[in-house]
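Novice: Need a 3D model of the sequence below.
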Amino acid sequence: MAGAGVVCVAFLVLCAVMPSLATDYTVGDSSGWALGADYGTWTSGKTFVVGDTLVFNYGGGHTVDEVSASDYSTCTVGNAITSDSSGATTVSLKKAGTHYFICGVIGHCGGGMKLAVTVEAGQTTAPPTSSSSATPSSGTATTTSPATPTATATTTTPTYTNAHSSAGNAVSLSVAVVITWLAVFGLVLS
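Specialist: Predicted coordinates for the structure are as follows:
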């Protein structure tokens, strides 16, 4: 019986730790997604991996548009791959490669509201796909400054939601607690 308790506790700890392997990055930290921020500096020193999320917080009059490398370089609006204007956009980084984001309001990209992040493959449970044409060639993540994108755009479909993904960690922990208690009850009743 004591061995089963240790197994249940170990399972609970494992379930609590697993969601924390992914990182939620609040774009621009306390500045958020705004004019005048330096997103090239913000990305420096950060390693983005598949499974991480970008959280864009911004007021009205802005958007978060994922765009091609070309549209990113020239601040071309109107060709967004995906777009959101909710004020709280969460983007799940599901594929390796460079992802480009701009504000789709005319003039805002030129005012600094542009972000390029290079995402490493990291550890995933999904089988690798061959649909991505831009994959990092080294084991370390690189970031691209706003003025010089270095990779071609990938065909990605990020998930946009209005809820912050930290709620997902709370749900995972709750599920782990429920499963652990069910396992304990199952052992006690058997």
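Novice: For stretch 81-88, output the C-alpha coordinates as PDB.
Specialist: What follows is stretch 81-88, C-alpha atoms only, in PDB (Å, rounded to 0.1, in the frame of the first residue of the first chain):
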ATOM      1  CA  ILE A  81      -1.900  34.800 -42.700                       C
ATOM      2  CA  THR A  82      -3.800  35.200 -39.500                       C
ATOM      3  CA  SER A  83      -5.100  38.300 -37.700                       C
ATOM      4  CA  ASP A  84      -6.600  39.100 -34.300                       C
ATOM      5  CA  SER A  85      -7.600  42.400 -32.700                       C
ATOM      6  CA  SER A  86      -9.100  41.200 -29.400                       C
ATOM      7  CA  GLY A  87      -6.600  43.000 -27.200                       C
ATOM      8  CA  ALA A  88      -5.300  39.800 -25.600                       C
END
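Novice: What residues sit buried inside it?
Specialist: 81, 82, 83, 84, 87, 88 (16 or more other C-beta atoms under 10 Å). No exception for glycine: its C-beta is placed from N, CA and C like everyone else's.
Novice: In TSV: these, plus pLDDT and distance to residue 23.
Specialist: Listed next are these as TSV, based on pLDDT from 0 to 100; distance: C-beta to C-beta, whole Å:
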residue	pLDDT	distance to residue 23
81	96	23
82	96	21
83	97	24
84	97	20
87	96	22
88	96	18
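Novice: Can you flag which of those belong to strands?
Specialist: Applying DSSP state E to those, the entries found in strands are 82, 83, 84, 88.
Novice: Burial check on the closest residue to the first one other than its chain neighbours, number of neighbours?
Specialist: Looking back up the chat, that one is residue 82. Excluding its sequence neighbours, the residue lying closest to residue 82 (C-beta to C-beta, 6 or more residues apart in numbering) is residue 66, at 4.7 Å. Look at residue 66: counted by other C-beta atoms under 10 Å, it has 22 neighbours.
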